[in-house]
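1. Quick one, structure for this:
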Amino acid sequence: MKVLFLTAWYPNRYDDMAGLFVRKHALAVSQSAEVCVLYIHPDEHIGQTEIVTNQIGNLKEVTVYHPFIHAAALKKISKAYHFCTAFKQGFAKIQQWFGRPDIVHVNVLTRCGVLAWWMNKRINIPYVITEHWSRYLPQNFSYTGALRKWATTKVVHKASAVMPVCENLSRAMRKRGLEHPNYHIVPNVVDSFFYQSERLSHTKGEPFTLLHVSCFDEKSKNVKGTLRAFQQLLAQRNNVKIRMIGTGTGFNEAVALAQQLDFPKDSITFTGELPPEAVCHEMQNANALVLFSNYENAPVVISEALATGMPVIASNIGGIPEMVPTECGLLVEPGNERELTERIIQLLDNYDEYNSQTIRQQAERYRFESVRDELMSIYSKAMEETATN
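-> Next up, the predicted model:
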């Protein structure tokens, strides 16, 4: 089976972490099929289109960087023209290097979905959709515009399957009129080394270590709220520290706020961005993950924490309640800093009640093999239905 991934988000030369969860889905599928990814990236730094290819095992990647004009009057026309031209060039490269795909897997609507819809109409290749975007959620609602809604509805209707990463996102999409008889919840993938890691036991008297891992986008992740809650925590418990992992648009403001709050020496550390293996090591040596977001779908970092057997304290929003049952951690209302402080103290005082093996069991559905098998089954059904129609 040849599977073509069309994705709006993917790791690229400007951001290694962008859409990393899409690459992991592709890698999972590549264990049982031939996979090629086509990713189109607008680039204001170049004057002509550049096509970059890469191969990871059985996974081929084609990235098309195309020129982008920022002039307001030309922005939409230029964007559409260059996107379509880049797709044509990228698909020609794929046909030469990879061949004709048997099925297309769209990641993130809507433009890539339109391309898959066109391919289905033109050459009868079925397609499925995975949606990650929080734009359908009321806290981050940006699913607007008559043309976008019309195109998205058409694309979803014609898909063989629609696969949001959590049930909450599925409900939000349906609420926006994106009905389909074949919705499946297919979660993101967790690297196998998270499951293989050994947790270090917490010794009484040692500092209780909290971990925050995010892209430091203040609008969604509420990093500043996390820092203020940590300040309240230190007023009640002094043998606690927090490690802040990641970087992003709000990183410098977060560091500045931490300096302003004047935390005790060594109580807070900003590590910057770390590779997945290093994040895994941090989780082995920490006691709990804290993710105090304003809105989310299904954060991969929570799946990773569960795979290591670490309890989680997170906002009661999006797909998080699906991921964190009571035996795996505690939920807090978004924005309620006092409640976050109370929940951390509650977990700290009852830490022995959380069993790492029980928590790991919750993460079994995120294994490469589990997600691969589910996707392969959906692909096969889609191809069979297309062949009989």
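2. And the strands in the chain, which stretches?
-> 2-7, 34-43, 50-56, 59-67, 103-107, 127-131, 161-164, 208-213, 240-245, 268-272, 288-291, 312-315, 329-332 (DSSP state E).
3. Turn those into CSV, including distance to Asn182, mean pLDDT and mean neighbour count.
-> (Glycine included, C-beta is placed from N, CA and C.) What follows is the strands of the chain, written out as CSV (distance: least, C-beta to C-beta, whole Å; pLDDT from 0 to 100; neighbours: other C-beta atoms under 10 Å):
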stretch, distance to Asn182, mean pLDDT, mean neighbour count
strand 2-7, 18, 98, 23
strand 34-43, 22, 96, 23
strand 50-56, 30, 97, 13
strand 59-67, 26, 96, 21
strand 103-107, 14, 98, 26
strand 127-131, 9, 98, 25
strand 161-164, 5, 98, 24
strand 208-213, 34, 97, 22
strand 240-245, 38, 98, 21
strand 268-272, 42, 98, 15
strand 288-291, 31, 98, 25
strand 312-315, 30, 98, 25
strand 329-332, 30, 98, 22
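4. need these in TSV with distance to Glu282, can you?
-> Below are those laid out as TSV (distance: least, C-beta to C-beta, whole Å):
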stretch	distance to Glu282
strand 2-7	28
strand 34-43	29
strand 50-56	25
strand 59-67	27
strand 103-107	28
strand 127-131	28
strand 161-164	29
strand 208-213	6
strand 240-245	6
strand 268-272	8
strand 288-291	10
strand 312-315	14
strand 329-332	17
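5. Compare those strands and give me the one nearest Phe251.
-> strand 268-272 (7.7 Å; C-beta to C-beta).
6. From the contact counts, what lies against that closest one?
-> strand 240-245, helix 251-261 (3 or more C-beta pairs under 8 Å, 6 or more residues apart in numbering; DSSP states H and E).
7. In CSV, could you pull the C-alpha coordinates for it?
-> In CSV, the C-alpha atoms belonging to strand 268-272 read as follows (Å, rounded to 0.1, in the frame of the first residue of the first chain):
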residue,chain,number,x,y,z
ILE,A,268,12.7,27.4,38.8
THR,A,269,14.7,26.5,35.7
PHE,A,270,14.1,27.4,32.1
THR,A,271,15.8,24.8,29.9
GLY,A,272,14.8,26.0,26.5
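8. Run me through the strand neighbours of it, direction for each.
-> Counting by DSSP bridges, the strands paired with strand 268-272 are strand 240-245 (parallel).
9. Please list the residues outside the strand it pairs with that contact it.
-> Strand 240-245 is contacted from outside by 207-214, 223, 230, 233-234, 254, 258, 266-274, 279, 282, 286, 290, 344, 348, using C-beta atoms under 8 Å, 6 or more residues apart in numbering.
10. try it again with 7 Å
-> 207-213, 230, 233-234, 266-271, 274, 279, 282, 286 (C-beta atoms under 7 Å, 6 or more residues apart in numbering).
11. Can you check what angle separates it from helix 251-261?
-> 160 degrees (axes from the mean of the first three to the mean of the last three C-alpha atoms, to 10 degrees).
12. Give me the distance between strand 240-245 and the centre of its chain.
-> Averaging C-alpha positions (C-alpha atoms, centre = their mean, to the nearest Å) puts strand 240-245 22 Å from its chain's average.
13. quick one: it to strand 208-213, angle?
-> Using the same axes, to 10 degrees: strand 240-245 against strand 208-213 is 20 degrees.
14. Only C-alpha atoms, please: export strand 240-245 in CSV.
-> As requested, the backbone C-alpha atoms of strand 240-245 are provided in CSV (Å, rounded to 0.1, in the frame of the first residue of the first chain):
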residue,chain,number,x,y,z
VAL,A,240,9.2,22.3,45.5
LYS,A,241,10.8,23.3,42.3
ILE,A,242,9.6,23.6,38.7
ARG,A,243,11.4,23.0,35.4
MET,A,244,10.0,24.9,32.4
ILE,A,245,10.8,23.2,29.1
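15. Contacts only, for Gly309.
-> So Gly309 contacts Arg199, Ser356, Gln357, Ile359, Arg360 (C-beta under 7 Å, 6+ apart).
16. where's the closest residue to it other than its chain neighbours relative to Phe91, distance?
-> Nearest non-adjacent residue to Gly309, counting by C-beta to C-beta, 6 or more residues apart in numbering: Ser356, 2.9 Å away. Distance from Ser356 to Phe91, counting by C-beta to C-beta, to the nearest Å: 47 Å.
17. next one: Cys36
-> As for Cys36, its distance to Phe91 is 10 Å (criterion: C-beta to C-beta).
18. list residues touching both of these two?
-> What both Cys36 and Phe91 touch, as defined by C-beta under 7 Å, 6+ apart, is an empty set.
19. List the buried residues in the lengthiest helix in the chain.
-> As assigned by DSSP state H, the longest helix anywhere in the chain is helix 75-97. For helix 75-97, a neighbour-count test (16 or more other C-beta atoms under 10 Å) marks Ser78, His82, Phe83, Cys84, Ala86, Phe87, Gln89, Gly90, Phe91, Lys93, Ile94 as buried.
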